[in-house]
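Trainee: pasting a predicted model and its sequence here:
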Amino acid sequence: MSVDAAAARIREETELEPLVGLVLGSGLGALADGLDDRVEIDYRDIPGWPVSTAAGHAGTLVVGTMEGVPVACMRGRAHLYEGVGAERVAFGVRVLGRLGIRTLVVTNAAGGISPEYRPGLLVLISDHVNLQGTSPLLGPNDDSLGPRFPDMSDAYDPELRARARDAAARLSIELGEGVYGAWLGPQFETPAEIRFMRAVGCDLAGMSTVQEVIAARHLGIRVLGVSVVTNMAAGVLPEKIDHEAVLEVGARAAGSLTRLLRELVPTLAA
Ligand code: HPA
């Protein structure tokens, strides 16, 4: 299914040309409700768009403006653990790229590996370790999209991170910073796996984001990532991990993430 056909379908619904794309993770979709001039398109109505089956993922694309800046929000995303390939997981980001976004904001729920974190904390992603064993760039390279071997240093743009820290400080929102480790899932990690992830430099454990970020960097789109720590990762605390609790903490922290993004996103278009 072609990226062009999907982009053309979206253009039938709105004349806005989004500059910023947002991927809103589990329970983090509320930001899209506050957009002006908004149109909401069901993923099922966009040719080729993977339909997410994860709980808490609505599965719509919302295009609108935030303080006059045209944005496109993916409410819900596809995950590798749903059984789709990396290229499908990255499809939405490539469509947003075709619509013209220059900046992508990725959000997710993650387990905290760093002992400095606690559930509810927002953490700016400084880098990632892709432990998912795949890439959306597998196969022949489309040179019109980007290079065969894209550089991944500064994948999470240092200047955008500085703006995020400033915005958080203005709002008195505590913001950690750390490395996101991407796990295939859908099972949570074992304590031994979390010790491995800590040893290789991961501060956060999650099951999304990196395929989207690779596709965005391939297209030359700047990326900002924020995780919500919904639980401490396996073995960090004596408790077990419960998906319901993950969603609940995510919903509680969504308020501060939404405030942060409202402050920050209008500054990202420039
Ligand atoms: N591990 C992986 N993904 C997650 C977690 C976790 O502990 N919490 C939320 N998403």
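Mentor: Cool, the structure landed. Fair warning: this is a prediction, and the values are worked out from it, not measured in the lab.

Trainee: the stretch 151-270 of the chain: strands as residue ranges?
Mentor: 175-182, 204-206, 222-232 (DSSP state E, counting those that start in this stretch).

Trainee: for the residue nearest to residue 101 when sequence neighbours are not counted, give me its contacts.
Mentor: Among residues not flanking residue 101 along the chain, residue 21 sits closest, at 4.1 Å (C-beta to C-beta, 6 or more residues apart in numbering). For every residue, glycine as well, the C-beta is placed using N, CA and C. The contact partners of residue 21, by C-beta atoms under 8 Å, 6 or more residues apart in numbering, come to 71, 72, 73, 74, 93, 96, 97, 101, 103, 104, 105, 221.

Trainee: so which of these belong to strands?
Mentor: Judged by DSSP state E, strands contain the following of these: 71, 72, 73, 74, 103, 104, 105.

Trainee: would you mind measuring from the third one to residue 199?
Mentor: Counting by C-beta to C-beta, to the nearest Å, the gap between residue 73 and residue 199 amounts to 36 Å.

Trainee: ok so, going back, distance check, the residue nearest to residue 101 against the ligand.
Mentor: 21 Å (C-beta to the nearest ligand atom, to the nearest Å).

Trainee: how much space between that residue and residue 138?
Mentor: 23 Å.

Trainee: do residue 80 as well
Mentor: The spacing between residue 80 and residue 138, counted by C-beta to C-beta, is 13 Å.

Trainee: center of the chain, which residue is that?
Mentor: residue 106 (2.6 Å; C-alpha atoms, centre = their mean).

Trainee: identify the residues contacting that residue.
Mentor: Residues in contact with residue 106 (C-beta under 8 Å, 6+ apart) are 22, 23, 25, 125, 209, 212, 213, 223, 224, 225, 226.

Trainee: can I have the buried ones of the residues you listed as a ChimeraX selection?
Mentor: Entered in ChimeraX, the line below selects the buried ones among the contacts of residue 106, by 16 or more other C-beta atoms under 10 Å:
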select :22,23,25,125,209,212,213,223,224,225,226
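
Trainee: how about the contacts of residue 106 in JSON lines, adding distance to residue 148?
Mentor: Formatted as JSON lines, the contacts of residue 106 follow (distance: C-beta to C-beta, whole Å):
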{"residue": "22", "distance to residue 148": "28"}
{"residue": "23", "distance to residue 148": "25"}
{"residue": "25", "distance to residue 148": "30"}
{"residue": "125", "distance to residue 148": "25"}
{"residue": "209", "distance to residue 148": "23"}
{"residue": "212", "distance to residue 148": "19"}
{"residue": "213", "distance to residue 148": "18"}
{"residue": "223", "distance to residue 148": "20"}
{"residue": "224", "distance to residue 148": "25"}
{"residue": "225", "distance to residue 148": "24"}
{"residue": "226", "distance to residue 148": "30"}
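
Trainee: closest one of the contacts of residue 106 to residue 39?
Mentor: residue 22 (15.1 Å; C-beta to C-beta).

Trainee: distance of residue 206 from the ligand?
Mentor: Noted for residue 206: a distance of 4 Å to the ligand, by C-beta to the nearest ligand atom.

Trainee: ok, the residue lying closest to that residue once chain neighbours are set aside - contacts?
Mentor: Counting by C-beta to C-beta, 6+ apart, residue 110 is the residue found nearest to residue 206 once chain neighbours are left out, at 3.9 Å. Neighbour list for residue 110: 123, 180, 204, 205, 206, 227, 228, 229, 230 [criterion: C-beta under 8 Å, 6+ apart].

Trainee: residue 129 bridge partners, please.
Mentor: Partner residues in beta bridges with residue 129, using DSSP bridges, are residue 181.

Trainee: which helix or which strand is home to the spatially closest residue to residue 98 that is not a sequence neighbour?
Mentor: Spatial nearest neighbour of residue 98, chain neighbours left out: residue 7 (4.2 Å); criterion: C-beta to C-beta, 6+ apart. Element membership for residue 7 (DSSP states H and E) is helix 3-11.

Trainee: so what touches that helix?
Mentor: Residues outside helix 3-11 that contact it (C-beta under 8 Å, 6+ apart): 41, 45-49, 61, 63, 72, 91, 94-95, 97-99.
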